[in-house]
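**Q** For reference, the sequence and a predicted model appear below.
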Amino acid sequence: MIPKFKEVLLVDELEGHKVRDALKTLNELVHHQVSTKISYSKCCHHVPYVDVNVLQETSDMMIESEILQITAGLLKHVDGEVREQAALLLGAFALSAIGR
Amino acid sequence: MLEDDELAVREATAFTFRRLSVNDDGCQRMVQNQVPEFMIQSFIKHSDDSIIASSDAQYLIHLLEAFVNLTFSDLGIEPLLGKEATFQFTKVFSEHYVMKTLGEHHSKVAELCLRVIGNISINHEGKQECIDNLVIEKAYHWMKINENRTYN
């Protein structure tokens, strides 16, 4: 799935709203990973916790697919919504050691 | 990016710096790239009485959260010294125009300003800036306004 988004983001002169939607979906993928990976510890079943290592998986996969570099290039995009989504996605990568 | 024409872009950029400042190596990278200098310039500009707007509250909060993380060490404090940062943080938590403009967001902004000032005061030069800007006196007046602002 991620390589497909990479292909989309690399299309020359793609309309702004399509680039924005692709970035929005990537942002949702990262945040969806966060919201679905809340688990419960074995000793305290009522206490939810977040496994940070698992949370990094999606963003690390994106970074390995060079989505970070492509996104950084989109910070200069003429469409403000593209710039916003690009900055938010970089914010998601900022928590990853390989992203930093 | 911190001076983008669109507020949503500025907010997203400040959010990214906030996230980047969570880790020590993120703070180091920010300092190496003179990010704190740009952040404080933008903070001073957007919290100035001639330009401050209630819609900027979240932007200021993201910047302040990043400053809180950055100022845990001298490395992050030093880029803020001599740039009127302490003066502006003091002004923002203590002056009426900010309270009036930011409304319900002001208490969060004020709390974060005080946390940043507290961190800066650990540094020798930073402490002198706090003294020069009468931070103790102004914080005392700020606390006296509402009993919820003090511990018993």
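**A** Everything's here; your move. Numbers count the residues shown, from 1 in each chain, chains lettered A, B, ... in the order given.

**Q** which residues does the closest residue to residue B:35 other than its chain neighbours contact?
**A** Counting by Cβ to Cβ, 6 or more residues apart in numbering or on different chains, the nearest residue to residue B:35 once its immediate chain neighbours are dropped is residue B:17, at 6.3 Å. Just so you know, the C-beta spots here come from the backbone N, C-alpha and C atoms, and that holds for glycine as well. Counting by Cβ atoms under 8 Å, 6 or more residues apart in numbering or on different chains, residue B:17 makes contact with B:30, B:35, B:39, B:62-63, B:66.

**Q** Please compute how far stretch B:23-41 lies from its chain's middle.
**A** Its chain's C-alpha centre and that of stretch B:23-41 lie 14 Å apart, by Cα atoms, centre = their mean, to the nearest Å.

**Q** returning to that earlier point: just the ones of the contacts of residue B:17 in helices?
**A** B:30, B:35, B:39, B:62-63, B:66 (DSSP state H).

**Q** Out of those residues, the closest to residue A:23 would be?
**A** residue B:62 (19.2 Å; Cβ to Cβ).

**Q** check contacts around the closest one.
**A** By Cβ under 8 Å, 6+ apart, residue B:62 lies in contact with B:11, B:14-15, B:17-18.

**Q** and if you look at residue B:40?
**A** Residue B:40 makes contacts with B:67, B:79-80, B:83, B:85, B:88, as judged by Cβ under 8 Å, 6+ apart.

**Q** Same list (the residues you listed) but as JSON lines, adding secondary structure and neighbour count.
**A** Converted to JSON lines, those look like this (DSSP: H, G, I helix; E, B strand; the rest coil; neighbours: other Cβ atoms under 10 Å in any protein chain shown):
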{"residue": "B:67", "secondary structure": "helix", "neighbour count": "28"}
{"residue": "B:79", "secondary structure": "helix", "neighbour count": "20"}
{"residue": "B:80", "secondary structure": "helix", "neighbour count": "26"}
{"residue": "B:83", "secondary structure": "coil", "neighbour count": "15"}
{"residue": "B:85", "secondary structure": "helix", "neighbour count": "27"}
{"residue": "B:88", "secondary structure": "helix", "neighbour count": "19"}
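
**Q** Residue B:124: which of those residues is nearest?
**A** Distances from residue B:124 to the contacts of residue B:40, taken by Cβ to Cβ, are shortest for residue B:80, at 13.9 Å.

**Q** The closest residue to that closest one other than its chain neighbours and residue B:70, how far apart?
**A** The shortest distance from residue B:80 to any non-neighbouring residue, by Cβ to Cβ, 6+ apart, is to residue B:40 (5.6 Å). With distances taken as Cβ to Cβ, to the nearest Å, residue B:40 is found 10 Å from residue B:70.

**Q** tell me, what's touching those two both at once?
**A** Residues within reach of residue B:40 and of residue B:70 at once, by Cβ under 8 Å, 6+ apart, are residue B:80.

**Q** Which parts of the chain are helices?
**A** As the question left the chain open, I've gone with chain A. Going by DSSP H, chain A shows helices at A:2-9, A:16-36, A:52-64, A:67-73, A:80-93.

**Q** Wait, chain B was what I had in mind.
**A** B:7-20, B:24-32, B:35-46, B:57-70, B:74-77, B:85-94, B:96-102, B:106-120, B:124-132, B:135-145.

**Q** Quick check: which of the ones you listed is nearest to residue A:20?
**A** Of all the helices of chain B, helix B:7-20 comes closest under Cβ to Cβ, at 11.5 Å.

**Q** Distance from that closest one to the middle of the chain?
**A** The chain centre lies 14 Å from the centre of helix B:7-20; the measure is Cα atoms, centre = their mean.

**Q** mind showing which ranges of the chain have poor pLDDT?
**A** In the absence of a named chain, chain A is used. Applying pLDDT under 70 to chain A flags the ranges A:32-56.

**Q** meant chain B, my bad for not saying
**A** In chain B, residues with pLDDT under 70: B:147, B:149-152.

**Q** Tell me the residues on it that lie near chain A, please.
**A** B:1, B:4-6, B:8-9, B:11-13, B:15-16, B:18-20, B:22-23, B:25-26, B:29 (Cβ under 8 Å from any Cβ of the partner chain).
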